[in-house]
Every structure is written in structure tokens, then in C-alpha cells.
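Participant: Structure for the following, please:
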Amino acid sequence: MTWFSPFESLTLRIDGEQVFLRHSPASDRQKPALLLLHGFPQTHAMWHRVAQGLKQDFFLVMPDLRGYGASSAPPAQPDQSHMSKRAMAQAMVSAMAQLGIERFALCGHDRGARVAHRMALDHPAAVSQLCVMDIAPTLDMYDATDMAFARAYYHWFHLIQPAPIPEQMIGGSPITYLHSKLGGWGTGGLAHLEKEALTAYEAAFTPTVITQICDDYRASAGIDLEHDRASREQGVKIQCDTLVLWGSHGVVHRFFDPLKLWQAQCNGAVDGQALPCGHFLPEEQPDACISALRAFLRPA
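Facilitator: Below you'll find the predicted structure:
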């Protein structure tokens, strides 16, 4: 796929699970490693523009999250533990270890940022620096839910309904639903998307993936909250320096103070800013994301 040149594709097997990823060429292995995690309803393709801007300075790893894109998910569990952010984070740490990378910088957008949050809590020795894009902590967002937020992020409450209702409803017109999400949270419909990325998202939005996405959200409203509450009760916080980026036209900016909320969950230094866009920062404002990440990560 010349679109992602010079990045190489690889499929790993981790405890019977298939993890698809793209990474920088082997000649770049001496560069500092940066793991990039995508969000809903996308795949690693969302990082294409950012990756082209960072490839000179970093060894980049861009996987499809568990259950998304070309990555598989384990058999479903009644408590959705198979799609918990703890399990998803562990899979990513294991993938990096298979690549021979034990410590790395980490950046996540949307669902990927929630996986990144849990990874920073559970695997502090692995994460050197953290960037989260357009989220506030999951527990804080659920605890602050009111009618206005529920209307703006209705999908949070639709996708967590018992199977198979949301799966069947989305399956009635999956591409219509996908486009409504990709175009509804930006500032210009689908205009921010590269045609190759949109094609990749459409191809990946299969019935199996839709089910796994629903389980991802069900986990966030259940077992993930249990894990988050336990971490807070135990005083577990993010130890590394953290960069927080969000869209000034997005829901997170409208209803939350993301910088303040993340500062409360970190022992390291926390800085950040709103970028002039909607939810999809890496595709709406790739140059600003590249500049912010380079300044934060300070490559040699």
C-alpha cells in the first residue's frame, strides 16, 4: 500500500489474538519509539498525516486496536472484560515487546486515549510520555453526565445497550451510521478525511467489528469504571509527563475542563491546549498535532 509508504505492515499473534499494525522501517529502530492508538470508529489509518510528519524523528508503531480494523478480539465475556481497557492496554504492551520495545512514548485519540490512560496506570515502566487527544477521564465524564451531554454523545448510551439491539440497528445501514459519526464530530462533514482513510474505515466496519465496538463501549460503562474507581481509591496516578490536546469545537471542550481533570490524575507535569477543530484532531489539524507532539516529545 503505497499510501502508507515507507511504513511496513505486520500481523502479530498474542495469546491467540491477531494484532495488525504498521511500523517504521527497520532502519529507523534506533529512533525513539512512539506508539499511536486510534479511536472510534476508525483504524490506524487515522494517523497517516501525522505519521508522515513524525517519521523522521521517531520509530512509529500504529496498530489497529483489539476488535477494530484487522485486529481480532478474544471470545466475548459476560462482563466485557475481553474489551476492557486493561486487557486492550496489555495487548498493546505485549505487541511492543514482540517488536523488542520495552519503553516508549504513547499517544492515543478517543478510545485509543482511554486505552493509553489505562496503560499509563498499569504499565508505568513502559510509558515514558503520554499524550491524550480529545477525551476527559472516562469516570469523570460518566459522573458528570446530564441531559446536554447525553444528547451530544448519545452513542455512549446507545452502544452500551444489551446485544444485539445496537448491533442490529447499526447493521440496518452501517455506512450511513459510520459517515454520521465521522462527519458529525468534525467541522466540515467528511472533508477532513483522505479518500484512502475513508475507504479503509468503510471496509473495516463489518458486522463482527460493530459487535466488538459495542462491547468496547459496554466495557467502558462497566468493568472499566470498576478499574478506574479502584485506581483512584488506591491513589494510583499517571507518573509520566502528559500532554492533553482537544478540539475547541468539540463536545469535550463544551462540557469539560480537560486540562484540570487530567492534572488531577497525574503526578507528572501536565500541559495542553485546544486546537481549532472538532473531534478528529489528527485529521482535521495534522500540522498542529505534529508540532505539539514534537515540542512535547523533544526528539534529538
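
Participant: C-alpha from now on. contacts and neighbour counts both.
Facilitator: OK.

Participant: Could you look up the SS state of residue 294?
Facilitator: For residue 294, the assignment made with DSSP: H, G, I helix; E, B strand; the rest coil gives helix.

Participant: separation between it and residue 32?
Facilitator: Relative to residue 32, residue 294 is positioned 12 Å away (Cα to Cα, to the nearest Å).

Participant: Low-confidence ranges, the stretch 51-200 of the chain, go.
Facilitator: Within the stretch 51-200 of the chain, no stretch has pLDDT under 70.

Participant: And the helices in it, which stretches?
Facilitator: All helices of the stretch 51-200 of the chain, identified by DSSP state H, counting those that start in this stretch, fall at 85-98, 111-122, 138-143, 147-152, 154-159, 165-171, 174-184, 195-204.

Participant: in a helix, that's where residue 272 is, yeah?
Facilitator: No. Counting by three-state DSSP, residue 272 is located in no helix; its state is strand.

Participant: So what's the residue count around the nearest residue to it once chain neighbours are set aside?
Facilitator: Spatially, and ignoring its direct neighbours in sequence, residue 272 is nearest to residue 244 (4.4 Å; Cα to Cα, 6 or more residues apart in numbering). Number of residues near residue 244 (other Cα atoms under 10 Å) recorded here: 22.

Participant: Tell me the spacing between the closest residue to residue 174 other than its chain neighbours and residue 28.
Facilitator: Nearest non-adjacent residue to residue 174, counting by Cα to Cα, 6+ apart: residue 205, 7.3 Å away. Distance, residue 205 to residue 28, by Cα to Cα: 32 Å.

Participant: Looking only at neighbour counts, state which of the two leads.
Facilitator: Comparing residue 205 with residue 28 by other Cα under 10 Å, the one with more neighbours is residue 205, at 22 against 16.

Participant: which residues does the more buried one contact?
Facilitator: Residue 205 makes contact with 41, 69, 174-175, 178, according to Cα atoms under 8 Å, 6 or more residues apart in numbering.

Participant: Phi first, then psi, for it.
Facilitator: phi -90, psi 70 (degrees, to the nearest 10).

Participant: Assumed residue 243 was part of a strand.
Facilitator: Yes. Residue 243 forms part of a strand when assessed by three-state DSSP.

Participant: Now do it against residue 103, distance only.
Facilitator: When residue 243 is compared with residue 103 (using Cα to Cα), they lie 18 Å apart.

Participant: Could you check which of these two has the larger neighbour count?
Facilitator: Legend: neighbour count by other Cα under 10 Å for residue 243 and residue 103, higher for residue 243 (22 against 19).

Participant: what about that one, distance to residue 272?
Facilitator: On the measure of Cα to Cα, residue 243 and residue 272 end up 5 Å apart.

Participant: again with residue 120
Facilitator: In terms of Cα to Cα, residue 120 sits 17 Å off from residue 272.

Participant: Which one's more surrounded, those two?
Facilitator: Taking neighbours as other Cα under 10 Å, residue 120 and residue 272 compare with residue 120 leading, 24 against 18.

Participant: Where does residue 228 sit, in terms of helix or strand?
Facilitator: With the criterion set as DSSP states H and E, the secondary-structure element containing residue 228 is helix 223-233.

Participant: How about that helix, which residues are buried there?
Facilitator: 223-225, 227-228 (16 or more other Cα atoms under 10 Å).

Participant: Any chance of a markdown table for the residues you listed, columns distance to residue 134 and pLDDT?
Facilitator: Shown next, in a markdown table, are the buried residues of helix 223-233 (distance: Cα to Cα, whole Å; pLDDT from 0 to 100):
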| residue | distance to residue 134 | pLDDT |
| --- | --- | --- |
| 223 | 22 | 98 |
| 224 | 18 | 98 |
| 225 | 19 | 98 |
| 227 | 21 | 98 |
| 228 | 19 | 98 |
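
Participant: Show me which of the residues you listed is closest to residue 11.
Facilitator: Among the buried residues of helix 223-233, residue 224 lies closest to residue 11 (Cα to Cα), at 26.9 Å.

Participant: Not counting sequence-adjacent ones, nearest residue to that closest one?
Facilitator: Spatial nearest neighbour of residue 224, chain neighbours left out: residue 84 (5.9 Å); criterion: Cα to Cα, 6+ apart.

Participant: now swap in residue 150 and tell me
Facilitator: Per Cα to Cα, 6+ apart, closest to residue 150 is residue 157, 7.4 Å.
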